[in-house]
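Sequence first, then the predicted structure:
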Protein chains: 2
Amino acid sequence: LRRDLRILPIAKKQIGIRELAERAGVHVSTVSRVINARTRHMVSQEVAERILKIADELGYRRNQLASALRMRRSFMVGVLIPDLTNPVFPSIVRGIESVLTAEGYIPLLADTFSSPATELAIVDSLRSRAVDGLILATAHRDDETVRYCRENGMPFVLVNRTTDDDSVRAVVNDESFGIKSAVKHLVDLGHRQIAFVGGPLDTSTGWERHAAFTRCIKELQLASTKRDITICHEFTETSGRSGLASLLDNGSRFTAVIAANDRLALGCYDALADVGLICPTNVSVVGYNDMPLIDRVNPPLTTVRIAHGELGSQAARLLLDGMRDEAAQPRVIRLRPSLVVRNSTARPSARAIGRRRRA
Amino acid sequence: LRRDLRILPIAKKQIGIRELAERAGVHVSTVSRVINARTRHMVSQEVAERILKIADELGYRRNQLASALRMRRSFMVGVLIPDLTNPVFPSIVRGIESVLTAEGYIPLLADTFSSPATELAIVDSLRSRAVDGLILATAHRDDETVRYCRENGMPFVLVNRTTDDDSVRAVVNDESFGIKSAVKHLVDLGHRQIAFVGGPLDTSTGWERHAAFTRCIKELQLASTKRDITICHEFTETSGRSGLASLLDNGSRFTAVIAANDRLALGCYDALADVGLICPTNVSVVGYNDMPLIDRVNPPLTTVRIAHGELGSQAARLLLDGMRDEAAQPRVIRLRPSLVVRNSTARPSARAIGRRRRA
């Protein structure tokens, strides 16, 4: 970055790339390669140093907006996140930023408020501002924005969530492995009837985590039935609270709950507190994501940790690869999550089940 | 947004604003006003509806990048935040977004990793991409980026933090009022010796909160001395932990701590736990910000709540006002925070002080 600062000082007079090439005694294309951080490695270190020194002396400053029109490249990448206030996204974005900025791209973050209409308006807006590509953390299983990007030839990569049609570039979690670790942990503690508070089924995360849970129940022949499963329409605390409350109202006698993300799990904490039940004494709770601060809530949450930083960095790499090599095949990378055991899970106590009654 | 979507479909053939005006039988400037969400109110509802309908039928699509060059306006506003992983910023950004998007601007978020060099590189990069203005949550009391923006005539507004030179546009907190509420709350509970874990003194938040604390101590003639005060170089959990640990090592006999933000307060929790002290039984802790999830940590933190959403929305308004009316005077708006009392503060117990000893 220091280098970029040095070659982009306040312009006193506008100096062009041609003038720069003339002064350095090299071809214009050589200057162009040096000026661009992504292609600088194609020129010898010695020549690059010399050109950058001259650029510095002359006060050269790239007019990137004009060159975006000429080159059809803006060195901007749009990053769409469904909900900026969900603490899991900043950690994914950090991974994206680290790769993009190192490659001379500027990541432009936009918050879509989980609204497909807002999302499409933002993508359209970014397209008219000539972003070079998009990283979408917003995908639904059937996704209008993905269709729009395809129809308009905009390079894109999905992160954390993907579509049903897997002919896309995406970096996601091995949800099946994640849910299996959570169930196995609870079964090892002695739980046989486990409830599930799911997320929206129109997202791959919501859908796959739910599917993995029902598969586990069958495979391990656990006592959970449909009455132990509820699906929420949003990945929020409020949804988790009312979701688990509905299961408690049913009179279901589960001793543990798996929530499809940490925010739903926090809602489960609320629902338990509402009826005077204590976690983990009466009911164990497991979350998903391991978002920041979730290790500090009361009790610290046992959760499936997704590889935040790596999700982001691999998505950025996949996007850049696809932009450079249009023949590259789309592919879905699945990263394996890991279970983090904290204080929200414990052995079921015999008294726990008997005491279950709405206050 | 729906409306914008309808007038920005996928272009089959490029249609200009002139063609649109001709078809609608109005002047080009009228079409221009209707197309721009910010100026649409200047045209009668009836005419606007008619022009938008025709635009829809013809598949009109604004080339905003070209018009940015022509009009020297990109309808993009850069929003710089020092640390995306600090949960206080997304809530401020939400306020910024709400105003900007309603006015037809796209907020472009950038994370500066609290590094002035990165910050300046990003600002320079955004400038070459012709952003119309900047909202900086990153300001230091003496700020190179602010100087750069001034020298280059870039409209900007500071949010949450400001510079020593108050001839800027800024929306900040009334830090003096905030700290006074925290001290008063502790004094009302019976505390006389209160420690202070401060933030970086090169930021207005760090500087003013510390100054307000020392003023309070004098005014109320409390027992706190210099040995009860420590200053951290970062607003992080790690800094807060080592900061409070150093005071505990000093053998200082405080019964309560005020931390200059919530993350430092979490670090104080860690430092207390390290030596077997319990909050609030042995030591009360007060934070600052009321960031998301801080009501769920153990124990829920008593803290000074800043007006996140309003900080953001007022900053966005101040920027747009300044961009429209260059004669508008710079001014600093101070929003009053409010104390939120939770379980981290209690009366000092006589035993608390005697039991203080490093484990």
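All right, it came through fine.

Give me the most central residue, chain A.
A:Asn160 (4.3 Å; Cα atoms, centre = their mean).

who does it bridge with?
Note on A:Asn160: beta-bridge partners by DSSP bridges are A:Val172.

list the contacts for it?
A:Ile92, A:Ala137, A:Val171, A:Val172, A:Asn173, A:Thr205, A:Ile306, A:Leu311 (Cβ atoms under 8 Å, 6 or more residues apart in numbering or on different chains). From N, CA and C alone the C-beta is placed, and that goes for glycine too.

measure it to chain B for me?
16 Å (Cβ to the nearest Cβ, to the nearest Å).

Looking at the contacts of A:Asn160, which one is closest to chain B?
Lowest distance from chain B to the contacts of A:Asn160 (Cβ to the nearest Cβ) belongs to A:Ile92, with 10.4 Å.

how many neighbours does that closest one have?
26 (other Cβ atoms under 10 Å in any protein chain shown).

How about the contacts made by A:Arg50?
A:Arg50 makes contact with A:Ala24 under the criterion Cβ under 8 Å, 6+ apart.

my guess is A:Leu109 meets B:Ile96, correct?
No. Checked against Cβ atoms under 8 Å, the pair A:Leu109 and B:Ile96 is beyond contact range at 11.9 Å.

one step back: let me have the contacts of A:Asn160 in JSON lines, extended by pLDDT.
What follows is the contacts of A:Asn160, written out as JSON lines (pLDDT from 0 to 100):
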{"residue": "A:Ile92", "pLDDT": "95"}
{"residue": "A:Ala137", "pLDDT": "97"}
{"residue": "A:Val171", "pLDDT": "98"}
{"residue": "A:Val172", "pLDDT": "98"}
{"residue": "A:Asn173", "pLDDT": "98"}
{"residue": "A:Thr205", "pLDDT": "98"}
{"residue": "A:Ile306", "pLDDT": "98"}
{"residue": "A:Leu311", "pLDDT": "98"}
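
does the closest residue to chain B within the stretch 1-150 of chain A count as helix, strand or coil?
Relative to chain B, the nearest point of the stretch 1-150 of chain A is A:Leu109 (3.7 Å; Cβ to the nearest Cβ). Taken by DSSP: H, G, I helix; E, B strand; the rest coil, the conformation at A:Leu109 corresponds to strand.

what's the burial count for it?
Using other Cβ under 10 Å: A:Leu109 sits among 24 other residues.

before we move on, what about the one 3 residues further on?
Using other Cβ under 10 Å, A:Thr112 has 22 neighbouring residues.

Skipping adjacent residues, who's closest to it in space?
Distances taken as Cβ to Cβ, 6 or more residues apart in numbering or on different chains put A:Glu119 closest to A:Thr112, at 4.2 Å, once the chain neighbours are dropped.

Enumerate every residue touching A:Thr138.
The contact partners of A:Thr138, by Cβ under 8 Å, 6+ apart, come to A:Leu80, A:Ile81, A:Pro82, A:Thr112, A:Ser114, A:Glu119, A:Thr145, A:Arg161.

The second one contacts A:Ala137, doesn't it?
Yep, that's A:Ile81 we're talking about. Yes. Contact criterion Cβ under 8 Å: A:Ile81 and A:Ala137 qualify, at 4.7 Å.

Need the per-residue pLDDT for A:Ala68.
Per-residue pLDDT puts A:Ala68 at 43.

Stretch A:286-305: end-to-end distance?
End-to-end distance of stretch A:286-305: 11 Å, with Cα to Cα, to the nearest Å as the criterion.

in it, what counts as buried?
Residues A:286-294, A:296-297, A:299-305 are the ones in stretch A:286-305 that count as buried (16 or more other Cβ atoms under 10 Å in any protein chain shown).

Same question for stretch A:24-36.
For stretch A:24-36, the neighbour count (16+ other Cβ under 10 Å) marks A:Ala24, A:Val26, A:Thr30, A:Val31, A:Ser32, A:Arg33, A:Val34, A:Ile35, A:Asn36 as buried.

same for chain B: which of the buried residues of stretch A:286-305 are within range?
A:Pro292, A:Leu293, A:Arg296, A:Val297, A:Pro299, A:Pro300 (Cβ under 8 Å from any Cβ of the partner chain).

near chain B, which residues of the stretch 251-359 of chain A?
A:Leu266, A:Tyr269, A:Pro292, A:Leu293, A:Arg296, A:Val297, A:Asn298, A:Pro299, A:Pro300.

Out of those, list just those in strands.
Among these, the subset assigned to strands under DSSP state E is empty.

Including pLDDT, could these go into CSV?
Below are those laid out as CSV (pLDDT from 0 to 100):
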residue, pLDDT
A:Leu266, 98
A:Tyr269, 98
A:Pro292, 93
A:Leu293, 94
A:Arg296, 96
A:Val297, 96
A:Asn298, 95
A:Pro299, 97
A:Pro300, 97
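
Of those residues, just say which sits nearest to A:Ala55.
The closest of those to A:Ala55 turns out to be A:Pro292 (Cβ to Cβ; 41.0 Å).

For that closest one, which non-adjacent residue is closest in space?
Here the residue nearest A:Pro292, using Cβ to Cβ, 6+ apart, is A:Pro87, at 4.8 Å.

Between the two ends of stretch A:156-167, what distance do you get?
12 Å.

Flag every buried residue along it.
Burial within stretch A:156-167, assessed by neighbour count using 16+ other Cβ under 10 Å, is assigned to A:Phe156, A:Val157, A:Leu158, A:Val159, A:Asn160, A:Arg161, A:Thr162, A:Thr163.
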